[in-house]
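J.: only geometry, no sequence info:
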């Protein structure tokens, strides 16, 4: 499985930045492979002799959450199968009964909301799957689209190397890319690529005002191509070129726009539609839509060369579902114009709550030797940092602590309806889990925290069992990501896998903000 990034073994941000998308990738892949399993949270109310004195764990969700996914693949076989290089045209995919789709893990294209998967790519490719099965007269459907989340810079290499069959990833159709891959007919045309700045950055009256200024972009993106063409024009005018700074490839549109919004970086570039959507919740963005970098940009589904049958099928599908058709307009507008669907991680409300709770999380993080920002991510995952949250099983507050857990002799924190006590109880319970179960010499500090997060969600007895199973399958029982995580997806389903990955994503995204801010002499988190 060399296409997946590996987990960091230290807490430094650069390692985190290089690896967080790998966690999201694994989350998405595992969610598909394990989708025939129910997502059961184990209460561990009657633990074995080893866990007799264990306090009941905080419960963040339902005791049993059924997976309503339409995909029903054998977990282990599908996991192994998707790690293989496979080539061939549509007829080969039909024989294998799967079409592997590479998608970016981002709000607009593909993301996971609770037990549901959403996004333009998810919905469009489900329609494509239906059209394939209908044309083949297969009922019930037997050819399935398998979603594999990747970073955009991985899409073309993975397609060419046989790790995917098709991509729906917001990749613009360019002559340079046509040398490497094929594209379907355009799924959307007429897009504008624009510069986005912060209110604290110098105002741009024309693109020439970017002369000598820094703009932060993904290497190899169409935005970089447009800016390099702009720089060539500036040089002909005897002006300084634009200074391009590269962003880490795991950062998605919303992450980059928040960096601009916070003043961490001065300028970036994106498609006008997405910039306008996010500007509704990021009020410090300046959209330079009157001076676009590029116009009449088109996106299409990306295919490996030598797949004429698949191209014919995608072209036929696009005719009925591209933007401009009834189906295409409904689908595109449901995500491009619906601010209610935007995640709240970067909202002003979340940042204000982080600011107000920071001292409390830092205090108990230091007291119990746990990373305070990971703890904030845990609180966000549990309750959106809302102390008034009470679950259907009675878990209370920001950390969703059960009163019985707080009252246990190992925790012994009273009045968890108070914010300080609630956070104290949740953090103390995390330290209890680490000390009781995850102090093996081979488990580093990060993985102690990650394994404890898994235990907080599904119960320590299950994590102990899964570590044993990981060792039996020649996986590393001391590493969560790509190792014990795989067993969790097989045994439990996606609840715990998603739980840990979401917290890690929150943590790493805010660390990314701080990392880039520090380069400019600023501080986002303290």
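T.: Thanks, I have it. Note that the structure is a prediction, hence the values are computed from the model and not measured.

J.: Quickly find the element holding residue 254.
T.: helix 253-261 (DSSP states H and E).

J.: domains in this protein, as residue ranges please.
T.: Here the domain assignment for the chain is 41-64+345-519, 75-186+299-340, 188-297, based on automatic domain parsing.

J.: now, of those, which is deepest in the fold?
T.: Among the domains of the chain, domain 41-64+345-519 has the highest mean neighbour count (mean count of other CB atoms under 10 Å), at a mean of 20. Yep, even glycine has a C-beta here, placed from its N, CA and C like the rest.

J.: average pLDDT for the helix or strand that the helix holding residue 254 is followed by?
T.: Sequence-wise, the next helix or strand downstream of helix 253-261 (DSSP H and E) is strand 267-271. Confidence for strand 267-271, expressed as mean pLDDT, is 96.

J.: Touching strand 267-271 from outside, list them.
T.: For strand 267-271, the surrounding residues in contact (CB atoms under 8 Å, 6 or more residues apart in numbering) are 170, 191-198, 201, 210, 213-217, 223, 226-227, 247, 253, 256-257, 259-260, 293, 297.

J.: Which members of those residues occur in strands, if any?
T.: 191-198, 214-217, 297 (DSSP state E).

J.: wait, which of the residues you listed is closest to residue 135?
T.: residue 191 (29.6 Å; CB to CB).

J.: Show the contacting residues for that closest one.
T.: Residue 191 touches 172, 271-273, 296-299, counting by CB under 8 Å, 6+ apart.

J.: cool, residue 309 as well?
T.: Applying CB under 8 Å, 6+ apart to residue 309 gives the contacts 89-91.

J.: mind checking the backbone torsions on it?
T.: With angles defined as degrees, to the nearest 10, residue 309 sits at phi -70, psi -40.

J.: Show the pLDDT at it.
T.: Reported pLDDT for residue 309: 96.

J.: Please apply the same query to the one 4 residues further on.
T.: Note on residue 313: pLDDT of 95.

J.: Backbone torsions only: list them for it.
T.: The phi/psi pair for residue 313 (degrees, to the nearest 10) is phi -70, psi -40.

J.: That one and residue 307, how far apart?
T.: The spacing between residue 313 and residue 307, counted by CB to CB, to the nearest Å, is 9 Å.

J.: Identify the residues contacting the residue lying closest to residue 361 once chain neighbours are set aside.
T.: Nearest residue to residue 361, sequence neighbours excluded (CB to CB, 6 or more residues apart in numbering): residue 372, at 4.4 Å. Contact analysis of residue 372 by CB under 8 Å, 6+ apart lists 358, 361-362, 364-366.

J.: would TSV of the contacts of residue 191 with distance to residue 482 be doable?
T.: Written out in TSV, the entries for the contacts of residue 191 read as follows (distance: CB to CB, whole Å):
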residue	distance to residue 482
172	32
271	32
272	37
273	35
296	42
297	36
298	36
299	31
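
J.: Nearest to residue 148, out of those residues: which one, please.
T.: Residue 148 has its nearest neighbour among the contacts of residue 191 in residue 299, at 18.8 Å by CB to CB.

J.: Where does the closest one fall, secondary structure wise?
T.: Assigned by DSSP H and E, residue 299 belongs to strand 294-303.

J.: repeat for residue 312
T.: Short version, using DSSP H and E: residue 312 is in helix 308-321.

J.: Next SSE downstream of that helix?
T.: Following helix 308-321 toward the C-terminus (DSSP H and E): helix 326-336.

J.: That next one - contacts with which helices or strands?
T.: Helix 326-336 sits against helix 120-135, strand 182-198, helix 272-279, helix 308-321, with contacts defined as 3 or more CB pairs under 8 Å, 6 or more residues apart in numbering; DSSP states H and E.
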